[in-house]
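Undergrad: Please find the sequence and the predicted model below.
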Amino acid sequence: MQNVILYTRVSTDEQADRGFSLRDQEARLRTYCDRAGLRIVAHYQDDHSAKTFERPAWAKLMRHIERDASVDTLLVVKWDRFSRDATGALSMIRLLEDRHGVRVQAIEQPIDRIDDVPEQLLMLGFYVTAPEVENRRRSMATKRGMRRAMKEGRYMYTPPKGYARGRDEKDRYMIVPGLDAPFVRRAFEMLADTTMSMNAARARLVAEGFTCSKNQFTVMVRNPLYQGDIVIPAWRGEPEEVVDGIHEPLVSREMFAKVQARFAKKARRHYRKLVEELPLKGHLLDPRTIHTSARKLTGSASRSKHGYRVWYYHGVGKGAYRVSAKKVHAAFDELLDSVRLSNAVAALAREMAKGMLSGEQAARVQRERRARERLERADAKLLVVDERYLDGDLERDSYYRLKTKYNEDRQAARLEIDAVKQGTESLARRLDFAVGLLHRLPDVWANQPVEVRDALVGSIWPAGLYLDGANIRTPCESALLALLGGENAENEERQPLKRGWRPVGRAREDSNPRPSDP
């Protein structure tokens, strides 16, 4: 008899409390198990979104599977109960099957074992992709509707301090002044007409009954919504836009400008400190959190009993994960050596880049020729329009309308010519650069400063890396390496590596020999 775990899920607490979905899912799963003769060893249920696997009950389920080797199958009603992210779903299915020997099955959308019927992979791909497509389509429709309403002057997000949800005469959503509106007005009055600080103004209002944290207060006094403006953020090629809202402003534009002038500051820039002895800092993940929160490790050095520094990558807090940087770097050297492009692949990719570059050059010449033709036509039409206007054949309105149109055509053609002349780096050149870099990856890594190494790791493995036993792995496949075929270059084609970076256990200023690292 097979041992199975049941998993049920809804998206929100409200659905879990008031709906019947969870109970219905569980009932259908238990009925299926009774008919099929399956033994239920556990049941886990979540009330969280399926966009990621960061769900409380799912984390408990994974711990159960890790400690109980008798589990054969994880059962869900449909694949959208398992996940609504295609990439995450396929990765999790592979993890459960390969590492734990646990098969995932949906009772209403069953698939045969892929090892027995490879074509079932196509059906599985459809089942796990359809929920993500539905989510994205719904999200796009909602986003477009909200942006359309905001362009009409309706603020569509959660009302900030001083406003509340309301309805207009046509029962459409809008924000209206709320109970905190007098406090917001007083806040702007105090900050505009006195030398009072933000903290002092907030403290006085809080003493009078206004509930507002320091961060909320700082955001509030900088929000142009209070002077009647709605900021519509940039989206899908549409630039950021500011429109007049139909809601009632709480302060005048003059008062709002005074407050902004008082507290205008240069934006603070935050930098991540790079350490030469820890080039993977910021990219190395805690292996214990790969399938939950994927926390990044930091790093530091400790002083050994012999007086030299030993470097470690580690987490934060009591009981945090800790590993020798020397061990990590040795594993990373092996990874670099394994993903280096073979000579044959590098030569083929360079030939492809040359062909692409030749095609791009011809395309640029064609683009410039067509743009110049459009420019010449626009100039000719402008000349005709001017002559007809001077001869009295065109009305003033028609003249200015045509003049504007042909000037816009002329400007667009000039911009196209400038874009072609700028000669921005083409895809072919980037491909050629990437091929050369991956072909010499170990040597490039060994002889570059820490800033270059940091950018290199981030571009090739943007999802991060983690130590799995003696090997470095990544939670997601590198798109660059998959594209260029950088896995498993032929060993006989590799040259000896030039390891130029400093031994991990030795301090920068220490050049004396020392005992081996503990």
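TA: Arrived safely, thanks for sending.
Undergrad: Run through the strands of this structure in chain order.
TA: Using DSSP state E, the strands found in the chain span residues 3-9, 39-46, 73-76, 103-106, 163-167, 173-177, 229-232, 241-244, 298-303, 309-314, 322-324, 466-468, 471-473.
Undergrad: Does anything pack onto the fourth one? Which helices or strands?
TA: For strand 103-106, the packing partners by 3 or more Cβ pairs under 8 Å, 6 or more residues apart in numbering; DSSP states H and E come out as strand 73-76, helix 79-82, helix 86-100. Heads up, the C-betas are built off the backbone N, CA and C, glycines and all.
Undergrad: Of all the strands of the chain, which one is nearest Asp397?
TA: Relative to Asp397, the nearest member of the strands of the chain by Cβ to Cβ is strand 241-244, separated by 28.0 Å.
Undergrad: mind listing what the closest one pairs with, with the direction of each?
TA: Applying DSSP bridges, strand 241-244 is found paired with strand 229-232 (antiparallel).
Undergrad: right, and the strands of the chain - which one's nearest Asn407?
TA: strand 241-244 (23.8 Å).
Undergrad: between the helices and strands packed on strand 103-106, which gets nearest to Gln411?
TA: helix 86-100 (42.4 Å).
Undergrad: Hmm, Gly464 is touching Thr474, no?
TA: Yes: between Gly464 and Thr474 there is a contact under Cβ atoms under 8 Å: 6.7 Å.
Undergrad: just to revisit the earlier point, got JSON lines for the strands of the chain, with mean pLDDT too?
TA: Listed next are the strands of the chain as JSON lines, based on pLDDT from 0 to 100:
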{"stretch": "strand 3-9", "mean pLDDT": "95"}
{"stretch": "strand 39-46", "mean pLDDT": "95"}
{"stretch": "strand 73-76", "mean pLDDT": "96"}
{"stretch": "strand 103-106", "mean pLDDT": "94"}
{"stretch": "strand 163-167", "mean pLDDT": "92"}
{"stretch": "strand 173-177", "mean pLDDT": "93"}
{"stretch": "strand 229-232", "mean pLDDT": "94"}
{"stretch": "strand 241-244", "mean pLDDT": "92"}
{"stretch": "strand 298-303", "mean pLDDT": "88"}
{"stretch": "strand 309-314", "mean pLDDT": "90"}
{"stretch": "strand 322-324", "mean pLDDT": "91"}
{"stretch": "strand 466-468", "mean pLDDT": "88"}
{"stretch": "strand 471-473", "mean pLDDT": "88"}
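Undergrad: and of those strands, who's closest to Ser139?
TA: Here strand 229-232 is closest among the strands of the chain (Cβ to Cβ), at 17.1 Å.
Undergrad: who's in contact with that closest one?
TA: 147, 150-151, 153-155, 224-225, 240-245 (Cβ atoms under 8 Å, 6 or more residues apart in numbering).
Undergrad: mind showing which ranges of this protein have poor pLDDT?
TA: 12-20, 265-272, 349-350, 353-361, 421-432, 478-518 (pLDDT under 70).
Undergrad: circling back: now the helices and strands packed on strand 103-106 as TSV including distance to Glu26 and mean neighbour count?
TA: Formatted as TSV, the helices and strands packed on strand 103-106 follow (distance: least, Cβ to Cβ, whole Å; neighbours: other Cβ atoms under 10 Å):
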stretch	distance to Glu26	mean neighbour count
strand 73-76	11	22
helix 79-82	11	24
helix 86-100	21	16
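Undergrad: can you redo the ones you listed as CSV with distance to Ser304?
TA: Listed next are these as CSV, based on distance: least, Cβ to Cβ, whole Å:
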stretch, distance to Ser304
strand 73-76, 46
helix 79-82, 48
helix 86-100, 36
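Undergrad: Now do stretch 248-266: distance to the chain's middle.
TA: 33 Å (Cα atoms, centre = their mean, to the nearest Å).
Undergrad: Please save the CA atoms from that stretch in PDB.
TA: Provided in PDB are the C-alpha atoms of stretch 248-266 (Å, rounded to 0.1, in the frame of the first residue of the first chain):
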ATOM      1  CA  GLU A 248     -10.700  66.900  -2.500                       C
ATOM      2  CA  PRO A 249      -7.100  68.200  -1.700                       C
ATOM      3  CA  LEU A 250      -6.300  68.600   2.000                       C
ATOM      4  CA  VAL A 251      -3.700  71.300   1.500                       C
ATOM      5  CA  SER A 252      -3.000  74.000  -1.100                       C
ATOM      6  CA  ARG A 253      -0.300  73.700  -3.700                       C
ATOM      7  CA  GLU A 254       1.600  76.700  -2.100                       C
ATOM      8  CA  MET A 255       1.700  75.100   1.300                       C
ATOM      9  CA  PHE A 256       2.700  71.700  -0.100                       C
ATOM     10  CA  ALA A 257       5.600  73.400  -2.000                       C
ATOM     11  CA  LYS A 258       6.800  75.100   1.200                       C
ATOM     12  CA  VAL A 259       7.000  71.800   3.000                       C
ATOM     13  CA  GLN A 260       8.900  70.200   0.200                       C
ATOM     14  CA  ALA A 261      11.400  73.000   0.000                       C
ATOM     15  CA  ARG A 262      12.100  72.700   3.700                       C
ATOM     16  CA  PHE A 263      12.800  69.000   3.800                       C
ATOM     17  CA  ALA A 264      14.300  68.500   0.300                       C
ATOM     18  CA  LYS A 265      17.300  66.200   0.700                       C
ATOM     19  CA  LYS A 266      19.600  64.500  -1.700                       C
END
